[in-house]
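1. My questions are about this predicted structure, shown below with the sequence.
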Amino acid sequence: MKAYRTILQVFDQHHSFALSTHVNPDGDALGSELALYSFLKDLGKQVKIFNTDAVPKNYTFLPFYDAILPAKAFQSDFPEILVVLDAGVLNRIGEDLSHTLIPTKAMVNIDHHNTAECFGDYNLVETDASSTSEIIYRLIQHHGTPIGKDRALCLYTGIMFDTGCFRYSNSTPNAHHVAADLIQEGIAVDEVYRAVYETLSVGTIRLLGEVFQTLGTTPDGKIGWLYVTQEMFRKTGTSHDNVDGFINHIRSIDTVEVAILVSEQKNGDSKASLRSKSFVDVGAIASVFGGGGHQRAAGCEIDKSCEEAIVQLVATIQQRMRDG
Ligand SMILES: [Mn+2]
C-alpha cells in the first residue's frame, strides 16, 4: 500500500490540481474523476477538471459534473499537479490537452488498464482493479476521509459501468465488496442503472435497427461484427454517443468469442471497439492497430472504411486464434 501513501503525500504537499481523463469519457472515467475532484476539494485544494469531450447526457446526474471544463477553457493557469485518470497513455486525454495541460511540478497517472504505460512521474496503476473508480475508493479510504453519498454515487457508477453491471470477469470479490460499501452510503442502485442505461431516445433505437442490418459473422460464428456509418447517424438524427452498448448485442450471440463494432468517423476513418468472452486478448489485437485496452475490452482507430477495417480486424483475430 506504499503506492497509495506516496500519492496521498503528493496530494498533501501541493495546492493546485488539474484532472483529466480519456476522450469519449465513460462511467468510470467520469465517476473516478468527479470523486477525486470532490475529495481534493474537501482537502482544501484548488482543483479544475479539463476534458476534451463533454459529459454525455446520461451522466449529468453525477454530482459535480458541471465542474468539468472543456479543453479550450484551459489558458495558462498551469497546475502544480496533473492527475490523469483511466487513461493508459497520455494522448488518450486528447491531442490538444496532452500538449497544453502541463503541470509545473508532477504528473500523476491513476489507471487499471493492462496496457498502461505508467507515463506519470507518479503512477498508481493496478491492473487487477475492476476500474479506476475502485482505485479512487481505496485511495480515499486510505486517507481516512469518509466516502460520503456524493462520492459513493460517482464511484459506484464507475464500477457498475466498467464491470458491465457486474457481469464481466473483472467483477471480482473486491469489486463487489467495494460496491457493497458504496451502496451502504445510501445510493439507489436502481436509479443509477436507469440514469445510465434506460434513457435511450427513439432515434437510438432506430439507429440500432439500421446497425443490425450490418450484422456479420465468420463461418464458424466465433467472430461477429456490426458497423455504423455517418449516413445512419444522419438518417436517425443520432451521433457516436448513441452507439454505447450496441456491441453487447454481438457479444451475446452464443457462438461469438470476439465482438467487433466499427464506427465510421466524420473523416471516413474507422473507430473499432472489441470485446471478447473468454480467451482472446483483444487488448493485444487493438495494440496491433495502435490502440489499447484490456484483455476483454479494447479499442483502436484504423484509417480505412468500416468494411475494410472489419476485414483487417477479422484476419488479425483469426490469426491469433490459430496461434492459440
Ligand atoms: Mn476504466
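-> Nice, thanks for sending it over.

2. Does anything pack onto the lowest-mean-pLDDT helix or strand in the chain? Which helices or strands?
-> The helix or strand of the chain with the lowest confidence, counting by mean pLDDT, DSSP states H and E, is strand 292-293 at a mean of 88. Secondary-structure packing of strand 292-293 (3 or more Cβ pairs under 8 Å, 6 or more residues apart in numbering; DSSP states H and E): helix 282-288, strand 297-302. Any C-beta I mention is one placed from the backbone N, CA and C, and that applies to glycine too.

3. Paired strands for that strand, with orientation please.
-> Using DSSP bridges, strand 292-293 pairs in its sheet with strand 297-302 (antiparallel).

4. and the helix or strand following the partner strand with strand 297-302, angle?
-> Following strand 297-302 in sequence order, the next helix or strand is helix 306-323 (DSSP states H and E). Here helix 306-323 points in a direction 130 degrees away from that of strand 297-302 (axes from the mean of the first three to the mean of the last three Cα atoms, to 10 degrees).

5. And helix 306-323, how far out from the chain middle?
-> Remark: helix 306-323 is offset 24 Å from the chain centroid, using Cα atoms, centre = their mean, to the nearest Å.

6. Just the residues contacting it, thanks.
-> 216, 218, 222-223, 225, 227-229, 257-258, 260, 262-264, 270, 272, 274, 280-282, 284-285, 288-289, 302, 304 (Cβ atoms under 8 Å, 6 or more residues apart in numbering).

7. Can you give the contact residues for the least confident helix or strand of the chain?
-> Contacts for strand 292-293 (Cβ under 8 Å, 6+ apart): 88, 89, 113, 114, 115, 274, 282, 283, 286, 298, 299, 300.

8. again, only using 7 Å
-> If you take Cβ atoms under 7 Å, 6 or more residues apart in numbering as the criterion, strand 292-293 is touched by 88, 89, 113, 115, 282, 283, 286, 298, 299.

9. ok, now stretch 226-238?
-> 203-204, 206-207, 210-211, 214-215, 239, 243, 246, 250, 261-264, 266, 306, 310.

10. separation between the closest residue to the ion within the stretch 201-324 of the chain and residue 193?
-> Per Cβ to the ion, residue 294 is where the stretch 201-324 of the chain lies closest to the ion, at 8.5 Å. From residue 294 across to residue 193, the span is 22 Å (Cβ to Cβ, to the nearest Å).

11. Compare neighbour counts for those two and give me the winner.
-> residue 294 (23 against 13; other Cβ atoms under 10 Å).

12. Do me a favour and average the pLDDT over the helix or strand containing residue 136.
-> Using DSSP H and E, residue 136 falls within helix 132-143. Across helix 132-143, pLDDT averages out at 98.

13. quick revisit: name the pair among the contacts of strand 292-293 with the greatest separation in space.
-> Largest separation among the contacts of strand 292-293 by Cβ to Cβ: 89 and 282, giving 17.0 Å.

14. Could you pull out the buried residues of the one helix or strand residue 33 maps to?
-> Counting by DSSP H and E, the element that carries residue 33 is helix 27-42. Neighbour counts over helix 27-42 (16 or more other Cβ atoms under 10 Å) mark 27-40 as buried.
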